[in-house]
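In: A structural model of the following input is requested.
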Amino acid sequence: MHDDRELTEARLRRVLAERIRPALLPASVPLQVEAWVAAGEPVPVGQGLAAAHEPVAVGDRWGAPWDTTWFKVHGEVPREWAGSTVEAVLDLGFDARRPGFQCEALVYTADGTPVKGLNPRNAWVRVGSPVAGGERVEWHLEAASNPELLDMDGFSPTRLGDRDTAGTEPQYRLARMDLAVFDTEVWELTQDLDVVGELMHELPLDSARRRQLARSVSRALDALDLQDVNSTATAAREALSEALASPAHASAHRISAVGHAHIDSAWLWPLRETVRKVARTASNMTALLEDEPDFVFAMSQAQQFAWIKEHRPEVYAKVKAAVAEGRFVPAGGMWVESDTNMPGSEAMARQFVHGKRFFLDEFGIENEEVWLPDTFGFAAGLPQIIKAAGSKWLLTQKISWSRTNTFPHHTFRWEGIDGTRVFTHFPPVDTYNCSMLGSEIAHAARTFKEKGAANSSLAPTGWGDGGGGTTRETVARAARMRNLEGAARVTWRTPTEFFTEAEAEYPNAPVWVGELYLELHRGTLTSQAGTKRGNRRSEHLLREAELWSATAAVRSGFPYPYEALDRLWKTVLLHQFHDILPGSSIAWVHREAEETYARVARELEDIIAGALRALTGTVGNAARELTANSAPHHRSGVAPGGLAPATVDGPPVTASPREAGGFVLDNGLLRVLLDERGLVVSVHDSQSHRETLAPGAVANLLQIHPDLPNAWDAWDVDAFYRNSVTDLDTADDVRLDSADDDGATVRVTRSFGASRTVQSVTLARGRRRLDFETEVDWHETEKLLKVAFPLDLHADRYAAETQFGHLYRPTHTNTTWDAAKFEACAHRFVHLEEPGWGVALVNDSTYGHDVSRTVRAADAQEAQGVTTIVRLSLLRAPRYPDPETDQGTHRFGYALVPGATVGDAVREGHRINLPERGIAGEAPVAPLVTLDNDAVVLSALKLADDGSGDVVIRVHEAHGGRAPVTLTPGFRFTSVSRTDLLERPVDNGPSPECEDGAIRITLRPFQILTLRLTRNDA
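Out: Just a heads-up that it's a prediction; the model follows:
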C-alpha cells in the first residue's frame, strides 16, 4: 500500500483551518457597543453599570494600561435564527497565543449578576440553545486593560509594570462584538478531528493504528462538502466514529485530569488585579461545571477564595454550591502557593494553619494534599511541616524545569530532615496548563518514569493567570480520550481520588532524601532585597508580638490581640507568594509590598510595646532599664522570654592603630585586624589559638559580577556570572568611628560605578563574633553584589538553616547534582566545621549564598591547605520585569562567628534577627515558659487561636541530635496535650510526662512538637 500519510495530515491541517473552523459560526449580526472608562482603580459593579456610556465600534482602540473599561453590549436575536444555538462572540482584541497575560473581562447581566469571564480562548457567552428568535440581550463587561508584559520574543525591559510609569496609550483594539449562530455539529466535528489528528501525529510511523486513523480522516474529509460544511458535518463525523470507538489497550497509561487554573496571586499584575482574575475564572468554572457533568475543577490558595468571598459574593455563592457537590475542589490547604525556600519556620507552618482552617471553616474540607505546581524548589524541612498540618501528599510541576539534571522519579516518597516522608507526584505531562493536546497526553505516557511499577499520573488542566481555566474544548478532548486506542485513558478526578489510587498502586515508591532543589531561578534568592528584608523583619516581629502578648495576657490580663495577629499573619503569608517574596513581580507589586511591610512593622511594634508596658506596669522612681529578650537563648544575663537588667562579662575592648595601616580590635576573645583599605585581614580566635581567615586572604570583601542571564532576568543567575569578578578593595575613607570599653567600630566608605557603600565593622565586649553592618546606595544595572569570607577551614560539606533545622550541602562539585547548587538558600546562618572547631556566618535579611573551596599550595610558612569561601549575595539589578529592581538604599546585617558549633550558629542567627529591647521597669519579669536544653528551640509561644485562653507552645530540636528537655511553664495548668499545627489534639507519640508543674519530653533530630496547655486560673 502506498504511504499517503503526509498528504492526509497536510490536508487535515488546511481543511480544519480554512473550512471547518470558519463554519463554526455560519451567521452573525453585530451588537451595539457603548463604553465608559474607569481610570485608575476599579470601581464597584453598581457604579460601572450605572455610568454614562458613549458609543464605540469594532476597530476602535481602548484601554490605557491598568484602566478598566465598562462595555455595554446589546442587541436582538434575528427571528430567522429560531431553533438555533446562539452565542455572543465578544473579542476585546485577544491574542490567543498568550492566554492569561493580557486584557480580560467579567460579564454581568443588566442587574449585576456575574455570568462568566472573557479570556483569549473563552470569548463567548451563550444566549440560548435553542433560541426562539427576537430575544433582546444585554450584557455589561468589566474589561481590564492589563498590559501584556511577557514579551513573546524575550525579556525586554518595560515601564508598563507600574501605573506611575505605564502611560496612557491604548493597549487593545476591539476585534468583534457579534451575536452568532453556533453550529454544535461542526464544533463536535472539530473536536473529533483535533483529537484524531493529534493522536495520529504522536503514534509511531509504522503503527497500524496510525494508518487506520489516517484512513478514517481521509474518509471523513471525503464526506465533507467544503462548500457546505454545516450540512455535511454529520456525515464526516460518522466516518470517524469507528476510529473513535476503538478502546484503549488494557495497559494504557491512566491520567487523572484535574481542572485547574494556576493563578499567581501577583506577578505581572498587582494584587488588586488578582482579586478580579480569580472572580473571572471562578465564574467560568462554575458555568462549565453546570454544562459538563463529568468535569471536576480544583482551586488552591485560601486567600483567593477569601478575595472572592469579600469582593464578589455572588460568585462565591456559586462556588460554595459547587464545592458542596464535590466538583469545585478547594485544594492544597495553604493560604497561598508560597515560596518554600525562604519563609521561616513559623511562617511556613502558618501557611498551612490559615489555609487549612479557612477550608475547614468555609467548606468543612480537610486537605490531605499540598498543591504547589509552580514553586521554585522545596526546602528539606517541608515534609515534616506537611505532616504536622495533617496532610500527607504533595504535587508539584516545577522541578521538571531543572536545566542540569533530570529528576529520576515522577512518583516517590520525599524524606525531610527529620525522617518524615510524604508521597509526592510530579505530573509527567510537564505542564500545569494542560489543554489535553495529543502531544501533551502522549508525552505524559511516554516519559512516565515509573513504568512497570505504577501506571497513574495527574494532569492539571486549564489556562491559568487569568486565561479563564479549563475550556469546553479541553473537556471535549478529554471525553474522547476516556477510552481511545493509542491514547492514555483520561478521567476527570479530584486530587484526593488520584492520590489515593496512586499511593495504593505504588506502596514501595522510591525515596528521595533532602531538598528538592530547582536547578533554575536561583536569582530569586536575592532579587528585590527590600521585599526580602520586609519579610524577615515581619516574621520576627510576629514572633515577638505573640510571645510578649501571651506573656502579658497570662501575667497581667493584657487583652490578647487575636484579630490583629490573625490579619497581620495573613498579610505576611500573602506576600510570601512565590512571585512576591522571590522578587519576580512587576515594580507595582514590590513597591506596594515594601509599603505594606512598613505598615505591618508599625502595627506589630505597637502591639509589642503595649504588651511590654503591661508586663512592666506603672513605672515609678525605682524604675531601671530592663532588657526584653525575645530570642530562644540566654543573652546578656537575660533568660529567653524574660525581662531583666542586662549584664555583659569580659575584658574591655581595645582599639589601636595597626603598624601597616588600619586598626587592631581586641576583646580578649577575638583579635581582629583591618588593613588600610578597611578589609579584614585577620580574625584570631584567642581561646582556640586559631586564625579564622585563609593565609593572605581578606574578608568582608565586596565583589561585583556582571549578571545578565540567558532568560528570566529577575529569576535566574547563570553559572557563567562567575567568569568575571571585580573586587571592591579600595576605600574612600577608613576611620575608627567609636571605641569604648563596650565595643569598637571601624567605618569604611567605598565608591564603585554609580554606587556607594558604608560599612561598620564592630567588635563588642564579651562576644566571640565580629558584626558587620553594610549600607549600599545601589545604582547599578545587571550586576550582582556579593560579600566574601575566605576561611582557613577544611570541610567537604556545610550546614544551611532551613525550616525547623538545617541541611547539609557539599562544598565540592563532584557530580553534576553538586555543581548545579552553585547558588543556594539559607535562612539565618551557614555553618562550616572541622572536628572540634567551626565558623558560622549569620545574617538578618539575606538568603542567597555560595560556598566553594580551593587548595593552597605549600610554601615556607605552611603546608598545603584548603580555603573554603563563603559568600552572601546582597543585591542584584535585573531589568525585567521591574526595570528599577533594587535601585536605592539598602541595609544588611551579618556577623562572623569563629569557633562556632551548630548550636552557636543557631543562637547567633536568632540574636541578629531578634535584637534586645530596652524598657523601663521596676522589677524583672520571669519567662512564661523555660526550657533546660539549648538544643530545643522555642519556635512559638502564643494563646490558642480559638480564643479559649489555652497556651500553645511549639518547640523543635535544632542541633540535629536527640534532645531530652524539661519544659517548665510559669503558670498553673490543668492539662497538656500534643497537637498538630492547627492546635488540634493528636495521638502520634508518647504523652508528655508531667511532674511538679514541669513537662518532660525527648525530641528526635529536628522534630517539631506542639503542646497545648489548659490554664488553671483558679
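In: Name the helix or strand for Trp512, please.
Out: Here Trp512 is covered by strand 511-513, with elements defined by DSSP states H and E.
In: now that strand: mean pLDDT?
Out: Here strand 511-513 scores 98 as its mean pLDDT.
In: what bridges to Leu1013?
Out: Following DSSP bridges, Leu1013 is listed with bridge partners Val951, Val976.
In: Name the residues of stretch 451-469 that come out as buried.
Out: 454-469 (16 or more other CB atoms under 10 Å). In this view, the C-beta of every residue, glycine as well, is placed from N, C-alpha and C.
In: just how off-centre is it within its chain?
Out: Centroid separation for stretch 451-469 versus its chain: 19 Å, with CA atoms, centre = their mean, to the nearest Å.
In: Going forward, count from 46.
Out: Okay, using 46 as the starting number, the last item reads as stretch 496-514.
In: got the end-to-end distance for it?
Out: For stretch 496-514, the first and last residues are 30 Å from each other (CA to CA, to the nearest Å).
In: likewise stretch 958-978?
Out: First-to-last residue span, stretch 958-978, CA to CA: 21 Å.
In: got the contact list for stretch 970-977?
Out: 592, 595-596, 599-600, 660-661, 671, 677, 684-689, 983, 986, 996, 998, 1000, 1010-1016 (CB atoms under 8 Å, 6 or more residues apart in numbering).
In: Report the buried residues of whichever strand or helix holds Ala343.
Out: Here Ala343 is covered by strand 342-345, with elements defined by DSSP H and E. For strand 342-345, burial by neighbour count (16+ other CB under 10 Å) applies to Phe342, Ala343, Met344, Ser345.
In: list the helices and strands the one helix or strand Ala654 maps to packs on?
Out: Assessed by DSSP H and E, Ala654 sits inside helix 632-661. In terms of contacts (3 or more CB pairs under 8 Å, 6 or more residues apart in numbering; DSSP states H and E), helix 632-661 is packed against helix 574-601, helix 607-619, strand 688-689, strand 962-966.
In: what does the average pLDDT come to for stretch 443-462?
Out: For stretch 443-462, the per-residue pLDDT averages 97.
In: likewise stretch 869-885?
Out: On average, stretch 869-885 scores 97.
In: Now do Asn275 against Ala668, distance only.
Out: According to CB to CB, to the nearest Å, Asn275 and Ala668 sit 91 Å apart.
In: Contact partners for the residue nearest to the spatial centre of the chain?
Out: Of all residues in the chain, the one closest to the mean position by CA atoms, centre = their mean is His623, 2.2 Å from it. Counting by CB under 8 Å, 6+ apart, His623 touches Asp309, Val381, Glu382, Ser383, Asp384, Leu417, Asp419, Thr420, Phe421.
In: go on, Phe146?
Out: Residues near Phe146 by CB under 8 Å, 6+ apart: Asn191, Glu193, Leu194, Leu195, Leu313, Asp510, Gly511.
In: In those, which residue is surrounded by the most others?
Out: The most crowded member of these, judged by other CB atoms under 10 Å, is Gly511 (29 neighbours).
In: That one is in contact with Val320, isn't it?
Out: No. The criterion here is CB atoms under 8 Å, and Gly511 misses it with Val320 at 11.5 Å.
In: Please tell me how far stretch 585-597 is from the chain's geometric centre.
Out: Averaging C-alpha positions (CA atoms, centre = their mean) puts stretch 585-597 26 Å from its chain's average.
In: isn't Trp81 right next to Pro100, touching?
Out: No. Taking contacts as CB under 8 Å, Trp81 lies outside contact range of Pro100: 11.1 Å.
In: When the two are compared, which one has more neighbours?
Out: Comparing Trp81 with Pro100 by neighbour count (other CB under 10 Å), the higher total belongs to Trp81, at 20 against 10.
In: what's that one in contact with, if anything?
Out: Here Trp81 is in contact with Gly93, Ala96, Ala97, His98, Glu99, Thr114, Trp115, Lys117 (CB under 8 Å, 6+ apart).
In: what do you get for Val725?
Out: Contact analysis of Val725 by CB under 8 Å, 6+ apart lists Val717, Leu718, Leu719, Leu738, Val743, Ala744, Asn745, Val806, Leu815.
In: Can you name the residues in contact with stretch 353-373?
Out: 157-159, 320-321, 323-324, 327-328, 330-331, 334, 340-342, 344, 350, 374-375, 407-408, 410, 539.
In: So which of these belong to strands?
Out: Per DSSP state E, strands hold the following members of the contacts of stretch 353-373: Pro159, Phe342, Met344, Val374, Pro375.
In: What's opposite the fourth one in the beta bridge?
Out: In other words, Val374. With DSSP bridges as the rule, Val374 is bridged to Ala343.
In: Got a quick ChimeraX command for the buried subset of the contacts of Trp81?
Out: Per 16+ other CB under 10 Å, the buried members of the contacts of Trp81 correspond to this ChimeraX selection:
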select :93,96,98,114,115,117
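In: Closest to Pro923 out of the contacts of Trp81?
Out: Among the contacts of Trp81, Thr114 lies closest to Pro923 (CB to CB), at 32.2 Å.
In: Run through the stretch 596-745 of the chain and note the low-pLDDT ranges.
Out: Within the stretch 596-745 of the chain, the segments meeting pLDDT under 70 span 663-667.
In: try it again with 80
Out: 663-668 (pLDDT under 80).
In: Quick check: buried residues in stretch 776-788?
Out: Within stretch 776-788, the residues that qualify as buried are Ala776, Val779, Leu781, Ala784, Gly788, counting by 16+ other CB under 10 Å.
In: With just CA atoms, put stretch 843-860 into CSV.
Out: Taking C-alpha atoms only, stretch 843-860 is exported to CSV below (Å, rounded to 0.1, in the frame of the first residue of the first chain):
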residue,chain,number,x,y,z
TYR,A,843,28.4,22.9,55.2
ALA,A,844,25.1,23.4,57.1
ALA,A,845,22.5,25.9,56.0
GLU,A,846,19.5,26.7,58.1
THR,A,847,16.1,25.8,56.8
GLN,A,848,12.7,25.5,58.4
PHE,A,849,12.9,23.8,61.9
GLY,A,850,16.6,22.7,61.4
HIS,A,851,19.3,22.7,58.9
LEU,A,852,20.5,20.6,55.9
TYR,A,853,24.0,19.9,54.6
ARG,A,854,25.2,20.7,51.1
PRO,A,855,28.6,19.8,49.6
THR,A,856,31.4,22.4,49.2
HIS,A,857,32.7,20.4,46.2
THR,A,858,31.4,19.8,42.7
ASN,A,859,32.0,16.0,42.4
THR,A,860,28.8,15.4,40.5
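In: rewinding a little: can you put the contacts of Trp81 in JSON lines and add secondary structure and pLDDT?
Out: Below are these laid out as JSON lines (DSSP: H, G, I helix; E, B strand; the rest coil; pLDDT from 0 to 100):
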{"residue": "Gly93", "secondary structure": "helix", "pLDDT": "97"}
{"residue": "Ala96", "secondary structure": "coil", "pLDDT": "97"}
{"residue": "Ala97", "secondary structure": "coil", "pLDDT": "96"}
{"residue": "His98", "secondary structure": "coil", "pLDDT": "97"}
{"residue": "Glu99", "secondary structure": "strand", "pLDDT": "97"}
{"residue": "Thr114", "secondary structure": "strand", "pLDDT": "98"}
{"residue": "Trp115", "secondary structure": "strand", "pLDDT": "98"}
{"residue": "Lys117", "secondary structure": "strand", "pLDDT": "98"}
